[in-house]
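[1] Sequence and predicted structure, then a few things I'm wondering about:
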Amino acid sequence: MDWLAFLADPVVASAVAGCAALILFSAAWHKFSEPDVFAGALDSYQLLPGALVIPFARLLPVVEAGIGVMVLIPATRSAGLTVFALIVGTYAIAIAINLIRGRNQIDCGCGGDVHLLSWGLVGRNAVLVCIALAVSGPSVDRSYEWLDAITLVMAVLALFGSYLMFDELLRQFGRIAQLQNNKSGASS
């Protein structure tokens with residue numbers, strides 16, 4: 001298979017862009033709906049001066065939503081996917097810094113139930129960065145067929161569903177590890 005041709009197909013790029021937009025909109029929604037919870041998670045990373053935590057926590061979901069819009073617009077898709085890769089890569093670095101510090105018992109700030117920091121989150125974000133950058137180049141100029149529309153919708157749903165399932169697996173592995181740590185700590 002010619003991978004470069006596959007990655008340059010507009011349906012593939014659009015599917016990745018659609019999934020990236022859903023990830024960004026979902027992330028922004030969690031931050032908008034629970035701003036104080038997110039600010040607390042952001043503060044626990046201990047990477048920003050205290051005075052910047054609240055303003056940064058309020059600005060970040062706006063930025064994520066803006067990037068989500070960028071990846072959906074064909075004229076800004078390439079730049080949007082590149083910025084998506086940059087922000088997701090930055091999150092991976094922030095998580096890795098805290099893991100190296102031994103701080104794995106803090107919530108990632110991803111939204112929803114507590115999601116402890118793990119190398120799995122770093123790996124997940126690295127995969128997202130690679131995929132976004134792989135399709136951020138120019139697409140082949142071709143007309144869309146009716147089957148392309150069905151393929152695009154199904155691909156976006158499959159990619160986003162896979163992302164959500166993997167994210168939930170990471171969350172559950174974190175819970176299991178925490179239970180095992182509590183159990184071994186109680187028996188000592």
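    All right, it came through fine.
[2] Next, the residues that contact the one helix or strand I54 maps to from outside, please.
    Per DSSP states H and E, I54 falls inside helix 50-72. When contacts are defined by CB atoms under 8 Å, 6 or more residues apart in numbering, helix 50-72 is touched by residues 17-18, 20-22, 24-25, 27-29, 31-32, 35, 38-39, 42-43, 48, 76-77, 79-81, 83-84, 87. All C-beta atoms are positioned from the backbone trio N, CA, C, and that covers glycine.
[3] repeat for stretch 148-168
    With CB under 8 Å, 6+ apart, stretch 148-168 has contacts from 11-12, 14-16, 18-19, 22-23, 110, 115, 124, 128.
[4] Once you drop chain neighbours, what's closest to C108?
    Counting by CB to CB, 6 or more residues apart in numbering, H115 is the residue found nearest to C108 once chain neighbours are left out, at 4.7 Å.
[5] Repeat that for N104.
    Leaving out its chain neighbours, the residue that sits closest to N104 by CB to CB, 6+ apart is L117, at 4.9 Å.
[6] so who does the one you found touch?
    Counting by CB under 8 Å, 6+ apart, L117 touches I95, N98, L99, R103, N104, Q105, I106, D107, C108.
[7] From A132, how far out is the second one?
    Relative to A132, N98 is positioned 23 Å away (criterion: CB to CB, to the nearest Å).
[8] Please identify which of those two sits among more neighbours.
    Taking neighbours as other CB atoms under 10 Å, N98 and A132 compare with A132 leading, 26 against 19.
[9] low pLDDT regions in this structure?
    Scanning the chain for pLDDT under 70 picks out 1-7, 185, 187-188.
[10] Check it for its longest helix and report it.
    Determined from DSSP state H, the single longest helix within the chain is helix 146-187.
[11] ok, back up a step: and of the contacts of stretch 148-168, the nearest to S143?
    Among these, V11 lies closest to S143 (CB to CB), at 11.5 Å.
[12] P35: neighbour count?
    For P35, using other CB under 10 Å, the count is 14.
[13] Likewise for the one 4 residues further on?
    The criterion is other CB under 10 Å. On that basis, A39 has 19 neighbouring residues.
[14] Could you do the one 5 residues further on as well?
    Summarising burial for S44: neighbours were counted as other CB under 10 Å, giving 17.
[15] check contacts around the closest residue to it other than its chain neighbours.
    Spatially, and ignoring its direct neighbours in sequence, S44 is nearest to I106 (4.4 Å; CB to CB, 6+ apart). With contact taken as CB under 8 Å, 6+ apart, I106 is in contact with A41, S44, Y45, N98, L116, L117.
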